[in-house]
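# Quick check, what structure comes out for this input:
(one chain, ligands or ions: 1)
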Amino acid sequence: MGIKIKNSALAISILVISGCSNTNSQPEEEMDHSTMNAEEMDHSTMDMDDDMKENEHMSHDEVVSLNDSTGENELKLPSMLERDNEEGVVYTVRAQEGKTEIFDGIETTTYGYNGTFLGPMLRLEKGETVKIRTINELQEDTTFHWHGLEVSGEEDGGPHSVIKPGEENIIEFEVAQEASTLWFHPHPVGKTAEQVYNGLAGLIYIEDDNSKTLGLPSDYGKNDFPLIFQDKTFDDKKQLNYSAAMNEDGTIGDTLLINGTLNSKLTVNKEKVRLRLLNGSNARNFTFKLNTGDSFVQIATDGGFLNEPVTLKEVTLTPSERAEIVVDFSQLNTAKDVALINEDGSVLLPFEVSDQSGMNSSIPKEMNNFSLTEKEMNLPITKKVELFGMMDQVTINGKKFDPNRIDFTQEQGVTEVWEIYNKPDEMGGMNHPFHIHGTQFKILSRDGKEPAENERGWKDSISIKPDETVKIAVQFKHKGVYMFHCHILEHEENGMMGQVKVE
Ligand SMILES: [Cu+2]
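Residues are numbered from 1 along each chain as shown. I've put the predicted structure just below:
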């Protein structure tokens, strides 16, 4: 049952920019809806489902709206993790449990890496050999999955690489891929969705010679900001009660946290500002745009820079996708309030634009040499993936995940074309964000057509609409067993996952 309640009270979006009132809480009535327990929710959506059968216009996609950010808190930034002094080991990452003050004066029990909520940012350089020590300080099993990183199956941190409470593991790999914004999160069977929801997610920045010479905004926390978008439901004690909030079709919340900040705003100078957007939600899709209707440029996809900047008025990210965009605040009319908003108008992030002019960065016309070769375009389809279902009935090629079953094999270093089809159901079906571990792939076509300009770059996750067929060119640089799955984390938990063995 999806959260298909279209709550009109919550759906009303009023542009509230900073400086207005001290409200940290919503009106009583709205609160009640947001804390509706799972049972109540099931009843209300069950009714909706009956209606839905007669009403084709209803879709799986209708979800509760996000509350507008009041902009009262300056956005928090993940710290840059310091490198270890110890010989060989570059970083130590600990999965921990703790208390976090998300709401003023209230402690929320959360998970985090090297802290109580979310994690630090790990900076890697192309060409270097990296050793990361991972330590599980939780009371339950976890894994450390490096989303988007091209490493061997052993290092990938999938469901087979469980680290028991109190235990640790060191992985070692060479950073061989180009500059990009990746992330890491847990991946244990049955617990991925809950652990991510509770706060386990961190960022990885890869830098290379290209990224260092392009002249793009790159001053961390000044004109280069990561934005991790996650929606949550807090109970009446302001706790993250996953089992109460959980929805089989993807857990959606009415409360937005950006980098763990509630009601955030971002203060910027009148200059080009780079925003590294990560949809770190369990299930919610975001379509980002500026409230002023101004355009911005997208400069990078999941796995690297686009060849040239793409001018857009909006960009959609499904769970786990990233996009780097640049907003030029020196060109905006900042007499008006400026905010990043969602498709339905909810205010995600109000900006406070200072009078300072800031730094002199640029957006070069040429940023990368990504290409789709004639050879790749003409390769036969050798892997077929059919995504189907909803709730706990989701499958890939009619099957649910079995850790003991290898679904595909592929040769290391050989490019194959995967065709992924999202088979609709009688209610129309829903979007599935499809992710493959251990590789950055290329989109060859969507329903036989060229991908959009801002998808002509390295991807590790792609949104696939109902009845859409997407062809991608996939190559694994390393060996091992890798997952491919829907990144609606509850779908993944419900078995919408398979394994490819690379030999
Ligand atoms: Cu899915």
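# Run through the residues that contact the residue in the stretch 301-450 of the chain that the ion sits nearest to.
Nearest residue of the stretch 301-450 of the chain to the ion (Cβ to the ion) works out as His432 at 3.5 Å. Glycine gets a C-beta too; all of them are placed from N, C-alpha and C. Neighbour list for His432: Leu387, Asn422, Ser463, Ile464, Cys486, Ile488, His491, Met496 [criterion: Cβ atoms under 8 Å, 6 or more residues apart in numbering].
# who's in contact with the helix or strand where Thr110 lies?
Using DSSP states H and E, Thr110 sits within strand 108-113. With Cβ under 8 Å, 6+ apart as the test, strand 108-113 has contacts from 93-102, 116-120, 138, 184, 195, 198-202, 234, 238-240.
# filter those residues to the buried ones?
Neighbour counting by 16 or more other Cβ atoms under 10 Å classes 93-97, 100, 102, 116-120, 138, 184, 195, 198-202, 234, 238-240 among those as buried.
# Restricted to strands, list the residues you listed.
Counting by DSSP state E, the buried ones among the contacts of strand 108-113 place Val93, Arg94, Ala95, Gln96, Glu97, Thr100, Phe184, Gly202 in strands.
# just the residues you listed now: which is nearest the ion?
Phe184 (21.1 Å).
# Now do the same contact list for that closest one.
For Phe184, the contacting residues are 93, 113, 119, 122, 144-147, 157, 201-204, by Cβ under 8 Å, 6+ apart.
# any chance of these in JSON lines, with distance to the ion and pLDDT too?
Output for the contacts of Phe184, formatted as JSON lines (distance: Cβ to the ion, whole Å; pLDDT from 0 to 100):
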{"residue": "Val93", "distance to the ion": "28", "pLDDT": "98"}
{"residue": "Tyr113", "distance to the ion": "26", "pLDDT": "98"}
{"residue": "Gly119", "distance to the ion": "25", "pLDDT": "98"}
{"residue": "Leu122", "distance to the ion": "28", "pLDDT": "98"}
{"residue": "Phe144", "distance to the ion": "23", "pLDDT": "98"}
{"residue": "His145", "distance to the ion": "18", "pLDDT": "98"}
{"residue": "Trp146", "distance to the ion": "22", "pLDDT": "98"}
{"residue": "His147", "distance to the ion": "16", "pLDDT": "98"}
{"residue": "Gly157", "distance to the ion": "21", "pLDDT": "98"}
{"residue": "Ala201", "distance to the ion": "19", "pLDDT": "98"}
{"residue": "Gly202", "distance to the ion": "24", "pLDDT": "98"}
{"residue": "Leu203", "distance to the ion": "24", "pLDDT": "98"}
{"residue": "Ile204", "distance to the ion": "24", "pLDDT": "98"}
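# Apart from its chain neighbours, what residue comes closest to Ser354?
Nearest non-adjacent residue to Ser354, counting by Cβ to Cβ, 6 or more residues apart in numbering: Asn269, 5.3 Å away.
# wait, doesn't the one you found sit right on Ser361?
No. Taking contacts as Cβ atoms under 8 Å, Asn269 lies outside contact range of Ser361: 11.0 Å.
# Need the residues touching each of the two.
Taking Cβ under 8 Å, 6+ apart as the contact rule, Asn269 and Ser361 both touch Asn223.
# Show me where the stretch 301-450 of the chain has its strands.
Remark: strands assigned in the stretch 301-450 of the chain by DSSP state E, counting those that start in this stretch are 304-312, 314-317, 322-328, 338-341, 347-353, 381-388, 395-396, 408-410, 416-423, 432-436, 442-446.
# what's the burial count for the residue in the stretch 101-250 of the chain positioned nearest to the ion?
Per Cβ to the ion, Gly250 is where the stretch 101-250 of the chain lies closest to the ion, at 7.3 Å. By other Cβ atoms under 10 Å, the residues close to Gly250 number 29.
# can I assume it is in contact with His487?
No. Using Cβ under 8 Å, Gly250 makes no contact with His487, being 9.8 Å away.
# what sits in contact with each of those two?
Counting by Cβ under 8 Å, 6+ apart, the shared contacts of Gly250 and His487 are Pro319.
# just to revisit the earlier point, show me what contacts the residue nearest to Ser354?
Lys222, Asn223, Phe329, Val353, Ser354, Gln356, Ser357, Gly358, Met359.
# what kind of secondary structure is the first one in?
Spelled out, it's Lys222. Under the three-state scheme (DSSP: H, G, I helix; E, B strand; the rest coil), Lys222 adopts coil.
# Run a quick check on it versus Ser361, I expect a contact.
No. Using Cβ under 8 Å, Lys222 is not in contact with Ser361, being 10.1 Å away.
# Between those two, which is the more surrounded one?
Set Lys222 next to Ser361 and count neighbours by other Cβ under 10 Å: Ser361 wins out with 19 against 14.
# which residues of this structure fall in helices?
In the chain, the helices defined using DSSP state H lie at 8-11, 28-34, 38-54, 192-197, 209-213, 242-245, 374-377, 489-493.
# For the fifth one, buried residues please.
The reference is to helix 209-213. Ser211.
# pull the CA atoms of it into CSV?
Taking C-alpha atoms only, helix 209-213 is exported to CSV below (Å, rounded to 0.1, in the frame of the first residue of the first chain):
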residue,chain,number,x,y,z
ASP,A,209,43.4,16.5,-12.8
ASN,A,210,40.4,17.5,-14.9
SER,A,211,38.2,18.5,-11.9
LYS,A,212,41.1,20.5,-10.5
THR,A,213,41.7,22.5,-13.6
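# mean confidence for it?
Along helix 209-213, the predicted confidence averages to a pLDDT of 98.
# one step back: just curious, which of the contacts of His432 is nearest to Met367?
Ser463 (23.1 Å; Cβ to Cβ).
# Is that closest one in contact with Pro433, as I believe?
Yes. The pair Ser463 / Pro433 is scored as a contact, 5.3 Å apart, by Cβ under 8 Å.
# Leaving out the residues flanking it, which one is nearest to Phe173?
Val151 (4.5 Å).
# The one you found against Gly438, yeah?
Yes. Counting by Cβ under 8 Å, Gly438 is a contact partner of Val151 at 6.4 Å.
# Tell me which residues touch Gln298, please.
Per Cβ under 8 Å, 6+ apart, neighbours of Gln298: Leu306, Pro309, Val310, Leu312, Val315, Ala323, Glu324, Ile325, Asn454.
# Apply 6 Å and report the result again.
The contact partners of Gln298, by Cβ atoms under 6 Å, 6 or more residues apart in numbering, come to Val310, Leu312, Val315, Ala323, Ile325, Asn454.
# Ok, Gln440 next?
Contacts of Gln440 by Cβ under 6 Å, 6+ apart are Gly303, Trp458, Asp460.
# how far away is the second one from Val394?
Read it as Trp458. 27 Å (Cβ to Cβ, to the nearest Å).
# Between those two, point out the one with more neighbours.
Neighbour tally, Trp458 and Val394, criterion other Cβ under 10 Å: the higher count belongs to Val394, 26 against 23.
# and stretch 278-297 with the ion, contact?
No. Figure legend: stretch 278-297 not in contact with the ion (Cβ under 5 Å from the ion); closest approach 8.3 Å.
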